[in-house]
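Chemist: okay, predicted coordinates and the sequence, questions at the end:
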Amino acid sequence: MENNPEAVFTFHSRSLRETEALAEELAAAAAPGWVIGLDGDLGAGKTAFSQSFARHLGVQGIVSSPTFTIIKEYAGRIPLYHMDVYRLSAPEADELGLDEYFYGQGVCLVEWSSLLSDLMPERHLHIRLETTGPEERVITVTAAGEPYEGVCRSLIQKWGYSKHDECN
């Protein structure tokens with residue numbers, strides 16, 4: 001993944017509500033065919049981010065972690081394919097036919113995507129959540145190709161490079 005400075009947005013979230021606001025912003029921008037990789041340590045908030053993203057994508061009902069089912073599909077403004085690939089090896093993931101999801105008409109949200117980085121599409125958005133306090137997170141959004149680079153540029157323009165640097 002190329003590290004173009006305009007393709008990386010860093011957000012210092014001080015609360016779950018601020019993390020949800022970022023998920024809401026990305027869900028509003030999401031379009032068919034989007035692929036988002038989501039990484040972070042256990043308890044960093046990947047599932048909470050996914051739930052907020054899904055809610056703002058128009059998914060009704062409960063969105064739960066697909067840890068044991070691997071892939072859950074939800075209807076929303078755009079179909080959402082929520083994946084958790086933590087327990088998969090690369091050959092197992094390859095056998096699932098993830099490309100059909102990645103290049104389909106929905107939005108793929110892939111938790112633990114760095115474990116299958118070789119299988120991720122060349123163009124995608126990657127989100128890394130790092131725990132820095134009980135509710136505080138550093139969230140790094142990295143774009144690989146368009147339209148994701150445009151999303152990062154919009155986030156930087158609207159929210160600033162690091163939204164809360166001036167507060168720290």
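Modeler: On my side now, so go ahead.

Chemist: from here on, contacts and neighbour counts on C-alpha atoms
Modeler: OK.

Chemist: could you give the bridge partners of residue 81?
Modeler: Beta-bridge partners for residue 81, by DSSP bridges, are residue 73, residue 108.

Chemist: quick one: it from residue 151, how far?
Modeler: Computed as Cα to Cα, to the nearest Å, the residue 81 to residue 151 distance reads 20 Å.

Chemist: the two: who's more crowded?
Modeler: In terms of neighbours (other Cα atoms under 10 Å), residue 151 is the more surrounded of residue 81 and residue 151; the figures are 23 against 20.

Chemist: quick check: longest helix in this structure by residues?
Modeler: Across the chain, the longest stretch assigned as helix under DSSP state H is helix 16-29.

Chemist: can you list the helices and strands that that helix packs against?
Modeler: For helix 16-29, the contact count by 3 or more Cα pairs under 8 Å, 6 or more residues apart in numbering; DSSP states H and E identifies helix 46-56 as packing neighbours.

Chemist: can you name every helix or strand that the helix it packs on contacts?
Modeler: Using 3+ Cα pairs under 8 Å, 6+ apart: helix 46-56 touches helix 16-29, strand 35-40.

Chemist: for stretch 70-90, buried residues please.
Modeler: 70-71, 74, 76-86 (16 or more other Cα atoms under 10 Å).

Chemist: need the residues that contact it.
Modeler: Contacts with stretch 70-90, where a contact means Cα atoms under 8 Å, 6 or more residues apart in numbering, come from 31-32, 50, 54, 57-60, 65-67, 93, 101, 105-113, 115-116, 119.

Chemist: hang on, residue 120 is in a strand, isn't it?
Modeler: No - following the definition DSSP: H, G, I helix; E, B strand; the rest coil, residue 120 is coil and is not counted among the residues of a strand.

Chemist: now it, what are its backbone angles?
Modeler: With angles defined as degrees, to the nearest 10, residue 120 sits at phi -70, psi 150.

Chemist: what pLDDT does it get?
Modeler: With respect to pLDDT, residue 120 scores 92.

Chemist: excluding sequence neighbours, find me the nearest residue to it.
Modeler: Excluding the flanking residues, the one nearest residue 120 by Cα to Cα, 6 or more residues apart in numbering is residue 113, at 7.4 Å.

Chemist: ok, residue 58 next?
Modeler: If you skip the residues right next to it in sequence, residue 58 has residue 76 as its closest partner in space, 4.5 Å away by Cα to Cα, 6+ apart.

Chemist: and the one you found, what helix or strand is that in?
Modeler: Applying DSSP states H and E as the criterion places residue 76 outside every helix and strand.
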